[in-house]
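Novice: I would like to see how this sequence folds:
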Amino acid sequence: GFVAFSSQGDRIALTQIEQVINGNYVVLGYYDTQADNLTWFDREVWRAGKVPQDRTIIRRVLRTVSLPLFICMCIISSIGILVAGGLIGFNIWNKHRRVIQSSHPVCNTIMLFGIIVCLTAVFLLGLDGRFVTPDAYPTICQTRAWFLTTGFTLSFGAMFSKVWRVHRLTTKAKSDPKVRMKKVQPWKLYSMVSGLLVIDFVIMLAWQLLDPLQRRIELFPLEAPISSLDDAQIRPELEHCESHNNNVWLSLIYAYKGLVLVSQ
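Specialist: Residues are numbered from 1 along each chain as shown. Below you'll find the predicted structure:
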C-alpha cells in the first residue's frame, strides 16, 4: 500500500480518533493527512448531548433599565404631565380673577410648561439599547440634555422672576410706600426668563457643536452564566452618554443652574 515518511524519517500513518465511553476506548474515526480525508463512524457520546466548546465564548449582554420600573416611572410622569396640563388650563381659564392675577398667571403657565418638559425627559432617559439602535443613541443623548436644561430653566426661571418681583416690591416699599401700589411690567419678567433661555441655548449649542454627546460603553468583569452547562462567560455592558470634556460642560451647567437655585 501507500507508505509515506516525514522529513525526520518517521512513518506517516492514519490518525486514529478515540473517545473514552463508559471506561472503554471507542474508535470514532480515522483521518488521512495525506489525502485530507476524514472517516467518521458517528459513535461519539457527549454530555447532555452537547458538543463541548474548544474555547470560552464571551457573550456581550447590555444592561438595561428594568422594564417594570421604566413603565412605573412613565406612568407617574404621565400623571404629572396631566396634572400640570390641568393646572395650565385652570390658570388660563381663571386668569381674570384677582387671586390669579396677583400670582402672575403667565409665569405660572411658563413654570408648569417647564415641569411638563422635565417630566417628558423621563421617557427619554429610559430609552436604551433595547429600544433604539446604536446609531440613534447619540440623538437621544442630546435630546435628553436639551429637554432637561430647557425644562429646568422654564420652571425655575419663572419662579426666579416671581421671587425677584416680590423682592423688588418689598425693598422699594420700605423707602417709598407708593411703590407697593405699582405693578412690575410683565415684559421685565418675560425678559428674565428669556435671558436665562438664551444662556441655555448658547451653552447647549456650543456643547453640541464642539463636543457632542456620544454613546460610550462601560465594560464590567466577566460573570458566570446562569446555566452551568453553558460554556460561555457573560460580559455585562452599560451605555452612557458622554463627551470628551463631559465634566467641564456639566460643571458649567451645574454652576449656572446652581446660581439660579441659590438666588431663590
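
Novice: got the contact list for the nearest residue to Cys107 once chain neighbours are set aside?
Specialist: Excluding the flanking residues, the one nearest Cys107 by CB to CB, 6 or more residues apart in numbering is Ala158, at 4.5 Å. (C-beta placed from N, C-alpha, C; glycine too.) Taking CB atoms under 8 Å, 6 or more residues apart in numbering, we find Ala158 in contact with 107-108, 110-111, 114, 193.

Novice: Beyond the helix or strand containing Val83, next helix or strand please.
Specialist: Assigned by DSSP states H and E, Val83 belongs to helix 67-93. As assigned by DSSP H and E, the chain's next helix or strand after helix 67-93 is helix 98-102.

Novice: My read is that Arg130 contacts Thr64, right?
Specialist: Yes. The pair Arg130 / Thr64 is scored as a contact, 4.7 Å apart, by CB atoms under 8 Å.

Novice: Neighbour count for the two, which is higher?
Specialist: Thr64 (16 against 12; other CB atoms under 10 Å).

Novice: Next, that one: phi, psi?
Specialist: phi -120, psi 170 (degrees, to the nearest 10).

Novice: repeat for Asn24
Specialist: The phi/psi pair for Asn24 (degrees, to the nearest 10) is phi -120, psi 150.

Novice: For Arg43, see how far away it is.
Specialist: Plainly put, Asn24 is 11 Å away from Arg43 if you go by CB to CB, to the nearest Å.

Novice: if you count what's nearby, which of the two comes out ahead?
Specialist: The neighbour comparison of Asn24 against Arg43 (other CB under 10 Å) goes to Arg43, with 12 against 8.
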